[in-house]
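Peer 1: below are the sequence and a predicted model for it; my questions follow.
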Amino acid sequence: MTLHPVRWMAAMLCAAVMTWPVHAATQAAAQATNPPQTVQAQYEVTLNGTPVGVMNDHYEARDGRYRIVSETHAVGVLALVQRRPARVISSGEVQAAGLRPLSFEATRGNDSRRIGAEFDWNTRVLTLNHDGRSETLPLPAGAQDRLSALYQFMFIGADRLRDISFAMTNGRKLDQYRYTLGSDSALDTPLGRMAVIHLVKRHAPGETATEIWLARDRSLLPVKMRIIEDDGSRYEQSLLKLDTGTAAP
């Protein structure tokens with residue numbers, strides 16, 4: 001199996017990142033869901049069915065702030081060339097409507113260059129830092145980084161996931177995405193059979209296809225993700241372990 005290290009690390013960190021509408025319904029849903037204050041999750045990452053990595057996520061919210069750290073360690077043959085883990089960090093505020101990121105940064109294994117984003121909510125400016133340069137873009141209300149977005153689901157009511165439009169930032173660019181409900185209602189996992197909400201990305205022919213499965217009874221945390229690239233390569237991220245602490249008061 002041959003895979004360029006940068007492309008592999010990009011696949012490890014391929015989570016869909018969303019800009020959520022911010023209005024009264026979102027705030028009410030956040031209060032009703034009562035998300036946990038801490039989450040520790042572990043995922044197996046595969047390429048075309050072959051294990052290539054293990055991802056460990058740690059989320060903590062306290063005193064109106066949050067921090068998420070995600071590390072992906074290569075396994076198998078890839079571990080010979082990717083000795084350092086890919087690391088992604090998101091931090092910011094917890095508000096009535098959910099997570100409001102302030103800072104995002106990512107490093108990809110042996111590549112020491114950092115990719116990042118800074119969210120200035122006072123001036124509504126998003127600053128992207130990559131390849132030794134910076135650029136600024138208008139900052140949409142409710143914007144997320146690619147890591148915080150997966151935990152923002154905890155603050156969204158399940159009934160609002162039927163049709164979602166959002167923006168995606170990976171520290172390099174900001175894109176528009178749309179997800180609709182898929183057909184799956186349950187998945188078998190190492191933790192047992194789980195009721196899920198299945199989201200499918202709408203895409204044009206030749207574009208990357210993405211699906212996300214969220215645990216309906218576990219705070220809408222991600223159970224599985226699948227990305228199929230235009231060349232047919234299939235990346236999957238599947239839940240192995242999940243531990244949630246107490247819910248926020």
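Peer 2: Looks like it arrived, so ask away.
Peer 1: rest of the way, CA atoms for contacts and neighbours
Peer 2: OK.
Peer 1: flag every buried residue along the top strand by length along the chain.
Peer 2: Identified as the longest strand of the chain according to DSSP state E is strand 50-62. Neighbour-count burial for strand 50-62, counted by 16 or more other CA atoms under 10 Å, picks out Pro51, Val52, Gly53, Val54, Met55, Asn56, Asp57, His58, Tyr59, Glu60, Ala61.
Peer 1: where in this structure is pLDDT low?
Peer 2: Scanning the chain for pLDDT under 70 picks out 1-33, 110, 112, 246-249.
Peer 1: does Thr210 touch Arg226 like I think?
Peer 2: Yes - with contact defined as CA atoms under 8 Å, Thr210 and Arg226 form a contacting pair (5.7 Å).
Peer 1: so which of the buried residues of strand 50-62 comes closest to Gly109?
Peer 2: Nearest to Gly109 among the buried residues of strand 50-62: Gly53, at 11.6 Å, using CA to CA.
Peer 1: residues in contact with the spatially closest residue to that closest one that is not a sequence neighbour?
Peer 2: What sits nearest to Gly53 in space, not counting adjacent residues and going by CA to CA, 6 or more residues apart in numbering, is Ala74, at 4.2 Å. By CA atoms under 8 Å, 6 or more residues apart in numbering, the contact set of Ala74 is Val52, Gly53, Val54, Gln82, Arg83, Pro85.
Peer 1: give the buried residues for the helix or strand containing Asp243.
Peer 2: Using DSSP states H and E, Asp243 sits in strand 234-244. By neighbour count on 16+ other CA under 10 Å, the buried set for strand 234-244 is Arg234, Tyr235, Glu236, Gln237, Ser238, Leu239, Leu240, Leu242, Thr244.
Peer 1: what bridges to the last one?
Peer 2: In this case it means Thr244. Here Thr244 sits in beta bridges with Val39, as judged by DSSP bridges.
Peer 1: so it touches Pro36, yeah?
Peer 2: Yes - if you go by CA under 8 Å, Thr244 and Pro36 touch, sitting 6.2 Å apart.
Peer 1: burial count for Val81?
Peer 2: Val81 sits with 11 neighbouring residues when counted by other CA atoms under 10 Å.
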